[in-house]
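S.K.: structure of the sequence below:
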Amino acid sequence: MAEVADSGPVEPQARHIVYCGVCSLPPEYCEFGGTAKKCEEWLKENHDDLWTRLYSDDALNANLSTLSVSAQERAAKDAAKKEAKAAQSEARDAERKATSKIVIKRVERNKRKHVTVIIGLEVFGLENKKLAKELGKKFATGSSVTRSPAGTEEITVQGDVSEDVKEWLLEVYGSKVPAASNIQLIEDKKKKKDEA
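M.R.: Numbering: from 1, shown residues only. This is a model prediction of the structure:
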């Protein structure tokens, strides 16, 4: 038996792992998501050496040669189904975003006191808690996320800042909110009691 020289403990080496910018999986697993073509394009633009190892003609031919003809056909059908499903889902999301509205209400509390309530931000991929914090800092006022009686989350900001919130949303999150027509301003007044 050969003797092994004891040079001390071996230091573990850190690995650098690339994650896909489209589906957030390692590129070796992108084929199992629904966005394989987009993942491949992203990989070619950002990590050409890795793309060559996974998607070049030589790599694809080597992988396909190990499969039977029926397995190749099944793989092609599965990939086409996943692509179609992902495209359908993307189209539904785009349609939902185009028809959704962000509602900014100015609600009267007592006499001249008002709060601004913002509803419908989660449809556009905006986080309510993060936005509540940003709005509180921006307008130097209290803001919180509450659950409405309808069961949806809403942001409540102290003060009458409805116009400013609309401008701020379009300025800061204009890329996520499709258009100003998707933002609706409402003034909600309390009904005064009839004096007898």
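S.K.: max-length helix in this protein?
M.R.: Longest helix in the chain, counting residues (DSSP state H): helix 69-99.
S.K.: mind giving me the packing neighbours of it?
M.R.: Using 3 or more Cβ pairs under 8 Å, 6 or more residues apart in numbering; DSSP states H and E as the contact test, the elements touching helix 69-99 are helix 36-46. The C-beta positions use only the backbone N, C-alpha and C, and glycine is treated the same way.
S.K.: 6 Å instead, please
M.R.: Using 3 or more Cβ pairs under 6 Å, 6 or more residues apart in numbering; DSSP states H and E, no helix or strand is in contact with helix 69-99.
S.K.: that one to helix 36-46, inter-axis angle?
M.R.: 90 degrees (axes from the mean of the first three to the mean of the last three Cα atoms, to 10 degrees).
S.K.: alpha carbons only: can I get the helix or strand of the chain with the lowest mean pLDDT in CSV?
M.R.: Least confident helix or strand, the chain: helix 57-65 with a mean of 74, by mean pLDDT, DSSP states H and E. Extracted C-alpha coordinates of helix 57-65, given in CSV (Å, rounded to 0.1, in the frame of the first residue of the first chain):
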residue,chain,number,x,y,z
ASP,A,57,-24.3,21.6,-32.9
ASP,A,58,-21.6,19.1,-31.7
ALA,A,59,-23.1,19.0,-28.1
LEU,A,60,-26.7,18.5,-29.4
ASN,A,61,-25.6,15.8,-31.8
ALA,A,62,-23.7,14.0,-29.1
ASN,A,63,-26.8,14.1,-26.8
LEU,A,64,-29.3,13.1,-29.5
SER,A,65,-27.2,10.2,-30.6
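S.K.: and the longest helix of the chain, how far from the chain's centre?
M.R.: Its chain's average C-alpha position is 19 Å from that of helix 69-99, according to Cα atoms, centre = their mean, to the nearest Å.
S.K.: tell me which helix or strand comes right after that helix.
M.R.: strand 102-108 (DSSP states H and E).
S.K.: can you mark which positions in that next one are buried?
M.R.: By neighbour count on 16 or more other Cβ atoms under 10 Å, the buried set for strand 102-108 is 102, 104-107.
S.K.: which residue sits closest to Gly125, ignoring its sequence neighbours?
M.R.: Lys176 (5.8 Å; Cβ to Cβ, 6 or more residues apart in numbering).
S.K.: hmm, that neighbour is touching Val123, no?
M.R.: No: in this structure, Lys176 is not within contact of Val123 by Cβ atoms under 6 Å, at 10.0 Å.
S.K.: who's more crowded, these two?
M.R.: Counting neighbours by other Cβ atoms under 10 Å for Lys176 and for Val123 shows that Val123 has the greater number, 16 against 13.
S.K.: any idea how far the more buried one lies from Ser100?
M.R.: Distance, Val123 to Ser100, using Cβ to Cβ, to the nearest Å: 4 Å.
S.K.: how close does the residue nearest the centre of the chain get to Tyr173?
M.R.: Centroid-nearest residue in the chain: Gly125, 5.1 Å away (criterion: Cα atoms, centre = their mean). Distance, Gly125 to Tyr173, using Cβ to Cβ: 9 Å.
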